[in-house]
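J.: Sequence first, predicted model second:
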Amino acid sequence: MTDTATRPTALSHWLNGQPTAGTSGRTAAVYNPATGQVQAEVPLASRAEVDAAVQAARAAAKAWRPVPLGRRAEIMFRFRALIDQRRDELARIITREHGKVHSDALGEIARGLENVDYACGIPNLLKGGYSESASTGVDVYSIQQPLGVVAGITPFNFPAMVPLWMMCNALACGNAFILKPSEKDPSASLFLASLLREAGLPDGVLTVLHGDKEAVDALLEHPDVAAISFVGSTPVARYIYETGTRHGKRVQALGGAKNHMVVLPDADISMAADAAVSAAYGSAGERCMAISVVVAVGGVGDRLVQAIQERIPNVQVGPGDEAGNEMGPLISREHRDKVAGYVAGAEAEGAQLLVDGREDAVPGEGFFLKPSLIDHTQPGMRCYDDEIFGPVLSVTRVDTYEQALQLVNDNPYGNGTAIFTRDGGVARQFQFDCEVGMVGINVPIPVPVAYYSFGGWKASLFGDTHMYGPDGIRFYTRSKVITSRWPDPATSKVNLGFPTNG
Ligand code: NAD
């Protein structure tokens, strides 16, 4: 029997500046991961709904493009103020659907806000170049113009920050933006859309369309979508890049990760252990910049492992909305069970399971799994090779810096890495040598600030530009170069020679 008091909320799309019910008849369940209960149903858009949304966005893009830069900046400033005022409410929405603890959700919002700050500077960011007298009486200048309708497809693990990575720059550059958020935690996007409307964004310029593969494929194949930004797992990122570019689109597709933290013998053990525990188990390991492998170099292994192991029982695991908890549940039952499978299989692969997160379970039906620590992992073991995306930290022991570097560079992923040492020369050499897009020196999660750009190498990114910052502005605009002359008609004559700069 269904109790109306607990009946799941029916969520909407966001079209033309208002919540709009889905018409496909298909929906997906949205869980509260801390209780295991279904709390909402999200509509899954059909191809026809995608097409209608793209047509509406096209019309909105036409009207948005000539809006003055100062006005666009003003909307971003107001958007910033609104997020700032309501960050607690947004954090609660994130915790309810994603599961991460409230303080972590606030951290995600703070890092997302940086991208609004950056987009507030759009008049400055879109300045072109001007060369006076490139030839006699001839001036040359460049301008950046928007692409039209652009789309973003985002993962579950940062339901506010990753949409903000994309939408602020895309909109400020003068595009209409269609967001297809993760169907697992779709409400943060709807909240952001309502704030942008309140900030003065004209209706139709931002669309939030929920969906699964059907909606994504429709966006990838739609002739009126000019560009796709994607963040998610590597197999899907590769598919998005290949399909989108085959359909003539500009694509940036960020994928998964396996981030190594190299700890050299001269490192401060206590600081390295604090960093490893924070970066491995924060957000239950569901961060693409989480540390999943600690590489202990030389004689540092035993002391470091002991220091990490001592800290693990102090990590408070429980519902994200209860004060004091530091780590919440995983996103779904299936994912929790998959992560637990890696822990279960570690010893049979030859590794040593030092802390088993399956023990001492959190009571109730929530998708919890406590931190696990696996020592003596090596390439070839599933627990080392795969992106587990859960609260599982592996330790690999090597003798030398060169062996540590080789592990980092042999890995198919290249999202983030970190080195812990007191030796500036070795740290600089590591920065020079490692084949990874984002490097931390005594910083375990080196997510670049919004005025740089975010992106991994190798299987962690498909495309030519990184996300947000200067690369984001480049991605969401095309440049045009104008060569101009205002001659005196009296001096005009036919000249078939190739123009030179005389
Ligand atoms: P996911 O790849 O399953 O889903 C991402 C998006 O793609 C969602 O919107 C989803 O609806 C859509 N999607 C899923 N399967 C699809 C398919 N077959 N065809 C078309 N669209 C599809 O990723 P996730 O589980 O939501 O997020 C976790 C992954 O994202 C991890 O691998 C993590 O490393 C990665 N991630 C990477 C970064 C980065 O910056 N590199 C940042 C955050 C997360």
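T.: Noted; the coordinates are in hand. Just so it is clear, the model here is predicted, and its values are computed rather than measured.
J.: and Glu183, backbone torsions?
T.: Per-residue torsions, Glu183: phi -70, psi -10 (degrees, to the nearest 10).
J.: residues near the closest residue to it other than its chain neighbours, how many?
T.: Closest residue to Glu183 apart from its sequence neighbours, by C-beta to C-beta, 6 or more residues apart in numbering: Ala28 at 4.8 Å. Where you see a C-beta, it was placed from the backbone N, CA and C, and this is true even at glycine. Neighbourhood size, Ala28 [other C-beta atoms under 10 Å]: 17.
J.: With Met261 instead?
T.: By other C-beta under 10 Å, neighbour count at Met261 equals 27.
J.: Flag every residue of the stretch 51-200 of the chain that's near the ligand.
T.: Residues of the stretch 51-200 of the chain found near the ligand (C-beta under 6 Å from any ligand atom) are 153-158, 180, 182-183.
J.: Counting neighbours, what do you get for Arg111?
T.: Close neighbours of Arg111, defined as other C-beta under 10 Å, add up to 17.
J.: Who are the contact partners of the residue lying closest to it once chain neighbours are set aside?
T.: Spatial nearest neighbour of Arg111, excluding adjacent residues (C-beta to C-beta, 6+ apart): Met161 at 5.4 Å. Neighbour list for Met161: 108-109, 111-112 [criterion: C-beta atoms under 8 Å, 6 or more residues apart in numbering].
J.: tell me the domain ranges of this structure?
T.: 9-255+460-482, 259-441 (automatic domain parsing).
J.: Any idea how far apart the tips of stretch 345-353 sit?
T.: End-to-end distance for stretch 345-353, by C-alpha to C-alpha, to the nearest Å: 9 Å.
J.: Just list whatever residues bridge to Phe454.
T.: Applying DSSP bridges to Phe454 yields these beta-bridge partners: Met467.
J.: Contacts for stretch 27-44, please.
T.: Contacts for stretch 27-44 (C-beta under 8 Å, 6+ apart): 6, 8-13, 21-22, 24, 26, 96-99, 183-187, 210-212, 214-215, 318-321, 328-333, 364-367.
J.: Can you flag the buried ones in those residues?
T.: By neighbour count, with 16 or more other C-beta atoms under 10 Å, the contacts of stretch 27-44 hold 8, 11-13, 22, 24, 96-99, 183-187, 210-211, 215, 318-321, 328-332, 366-367 as buried.
J.: secondary structure element for Val150?
T.: Using DSSP states H and E, the element containing Val150 is strand 149-153.
J.: Just checking: what are the partner strands of that strand?
T.: Here, using DSSP bridges, strand 149-153 pairs with strand 176-180 (parallel), strand 227-231 (parallel).
J.: How about the secondary structure of the residue nearest to Gly463 when sequence neighbours are not counted?
T.: Excluding its sequence neighbours, the residue lying closest to Gly463 (C-beta to C-beta, 6+ apart) is Gln252, at 4.0 Å. Here Gln252 is strand, with the state taken from DSSP: H, G, I helix; E, B strand; the rest coil.
J.: same question, Ser292
T.: Taking three-state DSSP, the label given to Ser292 is strand.
J.: Let me see the contact set for it.
T.: Counting by C-beta under 8 Å, 6+ apart, Ser292 has contacts 257-260, 280, 285, 387-388, 392-394.
J.: Show me what Phe420 is bridged to.
T.: Under the criterion used here (DSSP bridges), Phe420 is bridged to Val263.
J.: Which elements pack onto whichever strand or helix holds Arg72?
T.: Using DSSP H and E, Arg72 maps to helix 69-85. Here helix 69-85 touches helix 102-120, helix 122-125, helix 161-172, helix 187-198, going by 3 or more C-beta pairs under 8 Å, 6 or more residues apart in numbering; DSSP states H and E.
J.: Now it - C-alpha only, CSV.
T.: C-alpha atoms of helix 69-85 as CSV (Å, rounded to 0.1, in the frame of the first residue of the first chain):
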residue,chain,number,x,y,z
LEU,A,69,28.6,42.0,-21.8
GLY,A,70,28.0,44.2,-18.8
ARG,A,71,24.4,42.9,-18.5
ARG,A,72,25.7,39.2,-18.7
ALA,A,73,28.2,40.0,-16.0
GLU,A,74,25.5,41.6,-13.9
ILE,A,75,23.4,38.4,-14.1
MET,A,76,26.5,36.4,-13.0
PHE,A,77,27.1,38.7,-10.0
ARG,A,78,23.5,38.3,-8.9
PHE,A,79,23.7,34.5,-9.4
ARG,A,80,26.7,34.5,-7.2
ALA,A,81,24.9,36.4,-4.5
LEU,A,82,21.9,34.1,-4.6
ILE,A,83,24.1,30.9,-4.3
ASP,A,84,26.0,32.5,-1.5
GLN,A,85,22.7,33.4,0.4
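J.: Going by neighbour count, list what's buried in that helix.
T.: Quick answer for helix 69-85 (16+ other C-beta under 10 Å): 69, 72-73, 75-76, 78-80, 82-83.
J.: which residues touch that helix?
T.: 90, 109, 112-113, 116-117, 119-123, 126, 168, 171-172, 174, 192, 195-196, 198-201.
J.: Of those residues, select the buried ones using a PyMOL command.
T.: Buried residues within the contacts of helix 69-85, by 16+ other C-beta under 10 Å, are selected in PyMOL with:
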select buried, resi 90+109+112+113+116+119+120+122+126+168+171+172+174+192+195+196+199+201
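J.: re the thing from before, mind giving me TSV with the domains of the chain and columns for mean pLDDT and distance to Lys493?
T.: Shown next, in TSV, are the domains of the chain (pLDDT from 0 to 100; distance: least, C-beta to C-beta, whole Å):
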stretch	mean pLDDT	distance to Lys493
domain 9-255+460-482	98	14
domain 259-441	98	54
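J.: With respect to Ala450, which of the ones you listed lies nearest?
T.: Evaluated with C-beta to C-beta, these place domain 9-255+460-482 nearest to Ala450, the distance being 3.7 Å.
J.: first vs last residue of that closest one, how far apart are they?
T.: This stretch, domain 9-255+460-482, spans 53 Å end to end (C-alpha to C-alpha).
J.: follow-up on the earlier one: can you list the helices and strands packed on helix 69-85 in CSV and add distance to Gly357?
T.: Shown next, in CSV, are the helices and strands packed on helix 69-85 (distance: least, C-beta to C-beta, whole Å):
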stretch, distance to Gly357
helix 102-120, 18
helix 122-125, 44
helix 161-172, 26
helix 187-198, 27
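J.: my guess is the residue nearest to Glu183 is in a strand, correct?
T.: Yes. According to three-state DSSP, the state of Ala28 is that of a strand.
J.: Can you tell me who it pairs with across the strands?
T.: Beta bridges link Ala28 to Val42, judged by DSSP bridges.
J.: What separation do you get for it and the ligand?
T.: Computed as C-beta to the nearest ligand atom, to the nearest Å, the Ala28 to the ligand distance reads 9 Å.
J.: OK, contacts around the residue in the stretch 201-350 of the chain positioned nearest to the ligand?
T.: With C-beta to the nearest ligand atom as the measure, Gly232 is the residue of the stretch 201-350 of the chain nearest to the ligand, at 2.7 Å. Applying C-beta under 8 Å, 6+ apart to Gly232 gives the contacts 153-155, 240, 254-255.
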